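S.K.: how does the following fold in three dimensions:
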Amino acid sequence: MPATTVTRDDLYRLVWETPITRLAASYGITGTGLKKICDRLDVPVPPRGYWARKEAGQPVVQFRLLKPKADTPLSVVIHPTPPKEKPAPVPVPADNPHTGVKDGALPVPDRLYKPHPVIAAWIDVRKSEREASRHRPWGNGRATVPEFSTEDQRRHRILNALFRALESGNHAVTETRRGDLEVKLGGKSISFRLREKLKQVQRPLTDDEKRWGFSAKNGYRKETVGSGFLIFEIQSRLPGQLKSTWLETEERRMEAMVGEIFATMQAAAPLLEAERLAEEDREARRREEEARRREEERLRKIADNRLRRFGQLADQWDRTGRMRAFLAEMKALPPEPDAIIEGRSLADWIAWLEARIEARDPLRAGSRAILEDLATVTEWWREP
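M.R.: Numbers count the residues shown, from 1 in each chain. I've put the predicted structure just below:
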């Protein structure tokens, strides 16, 4: 679909003639995208419920198109949104003698042989729970914890085949403390699970439920039950458009999908590794930038503090000059040779003031001493 140029006046007319979602579809964009274009051109659009009220014959109000502002565009080029790319096909290994994958298939034995440590731990825990239940007072010496069902054992065999294939490719499989399954792909932990897909059904009420009035109006209750079909889910985000969910059907069972699941994980590993390296590179650059920013901030504080110190020395020099001028004015006053203050004559007092004023003059020590004083100032410096 080619791009279309629409004037502000035409757009105003069109959005009040056709619902915005339908009009947007004719341009190959979404209703939200067309609404943003109207906002940019300052074109009012019908409010929510406008078309429903108009169809029902109720009175509606059409907003006026105001004069455009100085910076408001008078036309716009609408480019259709490109169609979404289809998911990339998953590369399936043609022949991998180390994993037993041939033609995309990964055989799942009818019996569990050499269970993976994760699955072996499940079996051991269930045995321990069954044995412990025999010694409970209400157990009468019988195990009250059931053994794994046929579906549980089938799930174990499928996972065992997948775990062994993954670990032969150096992708370690572990179980977290919360019971989640994870596999290391490209240095990243990817969560996944294999479970029975649930479905919601309507169950007729029992006589007791009818008696107690449970949903008596409908005559049924909604319940969530197992569908009898397994679903494999990769819960972590995979790069690109790799598939992350497999649901078995009557025609294709989960055993036939294990090879594709394994191939998908293998295909994700180098992509995840590239993502991880890119993230590490971004993090390294972020840390470098943060260190550079902190160093610049530290140097700025030092520079500001040194300038403040220089200002203090300048104020001190200015005060020294004013004290010199003031002392000169004192010396110009009529002499009083007989005046004694605290055992000192006026001449002694003047000599004392001259010495003190000279000692406070920062220029007396020279420019090098002033700069050495500034060099001692750091970012943590506080005014004395």
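
S.K.: show me where the stretch 101-250 of the chain has helices.
M.R.: Taking DSSP state H, counting those that start in this stretch, the helices of the stretch 101-250 of the chain run over residues 117-134, 150-168, 207-212.

S.K.: wait, which of the ones you listed is closest to residue 68?
M.R.: Closest of these to residue 68 is helix 150-168, at 62.2 Å (criterion: C-beta to C-beta). The way it works is simple: take the backbone N, C-alpha and C, and place the C-beta from them, glycine included.

S.K.: mind giving me the packing neighbours of the closest one?
M.R.: Helices and strands touching helix 150-168, by 3 or more C-beta pairs under 8 Å, 6 or more residues apart in numbering; DSSP states H and E, are helix 117-134, strand 173-175, strand 188-204, helix 258-331.

S.K.: name the residues that touch the second one?
M.R.: The list of residues contacting strand 173-175 from outside it, by C-beta atoms under 8 Å, 6 or more residues apart in numbering, reads 116, 118, 121, 163, 166, 167, 181, 182, 183.

S.K.: are any of those residues buried, and which?
M.R.: 116, 163, 166, 167, 181, 182, 183 (16 or more other C-beta atoms under 10 Å).

S.K.: could you export these as JSON lines, including pLDDT and distance to residue 198?
M.R.: JSON lines is the format used below for those (pLDDT from 0 to 100; distance: C-beta to C-beta, whole Å):
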{"residue": "116", "pLDDT": "95", "distance to residue 198": "26"}
{"residue": "163", "pLDDT": "95", "distance to residue 198": "24"}
{"residue": "166", "pLDDT": "94", "distance to residue 198": "26"}
{"residue": "167", "pLDDT": "92", "distance to residue 198": "30"}
{"residue": "181", "pLDDT": "96", "distance to residue 198": "19"}
{"residue": "182", "pLDDT": "96", "distance to residue 198": "23"}
{"residue": "183", "pLDDT": "95", "distance to residue 198": "24"}
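
S.K.: and those residues, which is closest to residue 227?
M.R.: Checking the buried ones among the contacts of strand 173-175 against residue 227 with C-beta to C-beta, the nearest one is residue 181 at 20.9 Å.

S.K.: in this structure that closest one contacts residue 190, no?
M.R.: No - contact between residue 181 and residue 190 fails when scored by C-beta atoms under 8 Å: they sit 9.3 Å apart.

S.K.: would you mark the buried spots in the helix or strand in which residue 368 is found?
M.R.: Assigned by DSSP states H and E, residue 368 belongs to helix 367-375. Residues of helix 367-375 classed as buried by neighbour count (16+ other C-beta under 10 Å): 370, 373.

S.K.: re earlier: out of the helices of the stretch 101-250 of the chain, which one sits most buried?
M.R.: Highest mean neighbour count among the helices of the stretch 101-250 of the chain (mean count of other C-beta atoms under 10 Å): helix 150-168, with a mean of 19.

S.K.: tell me how this protein divides into domains.
M.R.: Domain assignment for the chain by automatic domain parsing gives 4-78, 95-201+230-281, 294-375.

S.K.: residue 151: which of the helices and strands packed on helix 150-168 is closest?
M.R.: Among these, strand 188-204 sits nearest to residue 151 (C-beta to C-beta), with 6.9 Å.

S.K.: ok now the closest one, how far from the chain's centre?
M.R.: Put simply, strand 188-204 sits 26 Å off its chain's centre (C-alpha atoms, centre = their mean, to the nearest Å).

S.K.: relative to that strand, what are the paired strands and their orientations?
M.R.: Next to strand 188-204 in the sheet, as set by DSSP bridges, lie strand 181-185 (antiparallel), strand 220-234 (antiparallel).
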